[in-house]
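In: Next come a sequence and a model predicted from it.
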Amino acid sequence: MSDAITAIPLTRIDGQTDTLANHSGKVLLIVNVASKCGLTPQYEGLEALYRDKQANGLEVLAFPANNFNGQEPGADAEIATFCKTSYDVTFPLYAKISVKGEDIHPLYAELTAAKPEAVGDGPMRERLAGYGIATGGPGEIVWNFEKFLVGRDGRVLDRFAPDVDAADPRLIDSVEKALSAD
């Protein structure tokens, strides 16, 4: 894995320390999530994808963030309970972080720098603009449930807009290509 992102200190939702180095050799789908968003039902598809592809080396890693209209207001324990009871989430959840702005977590600073443009960008940005919601500058995370695909070697392979869900053929194709690569 790329040293740039694997050494960044992370905290699991249960308070345990972690780094992406602990997922070495895996394909990672890194997602910023929220419990009170119109896209929250994407947890179901993410969990289905994880269960389907985990044996092949896919890890879904969820990072709750409260950057968008206060849609992740809960504490880590509340978020963990919500994910388990509402969507039976079994993939790793991390402590709440910031995914944009001056307090952006170093992981998201690296991810967005590595892949500033998202597959499927446009429709969600336009919908948000229709509600008078600013979507940030170039490269910034647009909304909850934006996804980054990281290859086994730690390179950021793809970035997907928030409304590109886990069943979208573009995401599935990219995941399958990454899983089949050496």
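Out: Right, received. Where do you want to start?
In: Look up which residues are beta-bridged to Phe160.
Out: Here Phe160 sits in beta bridges with Val119, Lys147, as judged by DSSP bridges.
In: give me every residue that touches it.
Out: By Cβ atoms under 8 Å, 6 or more residues apart in numbering, the contact list for Phe160 reads 118-120, 146-149, 168, 170-171, 174. Where you see a C-beta, it was placed from the backbone N, CA and C, and this is true even at glycine.
In: element containing the residue sitting nearest the centre point of the chain, please.
Out: By Cα atoms, centre = their mean, the chain has its centre lying nearest to Val31, at 0.8 Å. Per DSSP states H and E, Val31 falls inside strand 27-33.
In: wouldn't Phe82 be in contact with Lys36 here?
Out: No - with contact defined as Cβ atoms under 8 Å, Phe82 does not count as touching Lys36 (9.2 Å).
In: Overlap in contacts, those two.
Out: Common neighbours of Phe82 and Lys36 (Cβ under 8 Å, 6+ apart) do not exist.
In: for stretch 135-144, which positions count as buried?
Out: The neighbour-count criterion (16 or more other Cβ atoms under 10 Å) identifies 135-136, 140-144 as the buried residues of stretch 135-144.
In: just stretch 103-123 next, same as before
Out: For stretch 103-123, using 16+ other Cβ under 10 Å, the buried residues are 104-105, 107-108, 110-112, 114-115, 118-121.
In: the strands in this structure, which residues?
Out: 10-11, 17-18, 27-33, 58-64, 147-150, 156-160 (DSSP state E).
In: Neighbour count for Phe82 and Lys36, which is higher?
Out: Phe82 (18 against 15; other Cβ atoms under 10 Å).
In: How many neighbouring residues does the residue lying closest to the more buried one once chain neighbours are set aside have?
Out: Spatial nearest neighbour of Phe82, excluding adjacent residues (Cβ to Cβ, 6 or more residues apart in numbering): Ser35 at 5.0 Å. Residues within reach of Ser35, counting by other Cβ under 10 Å, total 20.
In: Run a quick check on Ser35 versus Ala65, I expect a contact.
Out: No - counting by Cβ under 8 Å, Ser35 sits too far from Ala65 to count as a contact (10.8 Å).
In: intersection of neighbour lists for these two?
Out: Counting by Cβ under 8 Å, 6+ apart, the residues touching both Ser35 and Ala65 are Glu72.
In: All the helices of this structure, residue numbers only.
Out: 3-6, 42-53, 76-87, 106-114, 123-130, 169-180 (DSSP state H).
In: Done for today, thanks.
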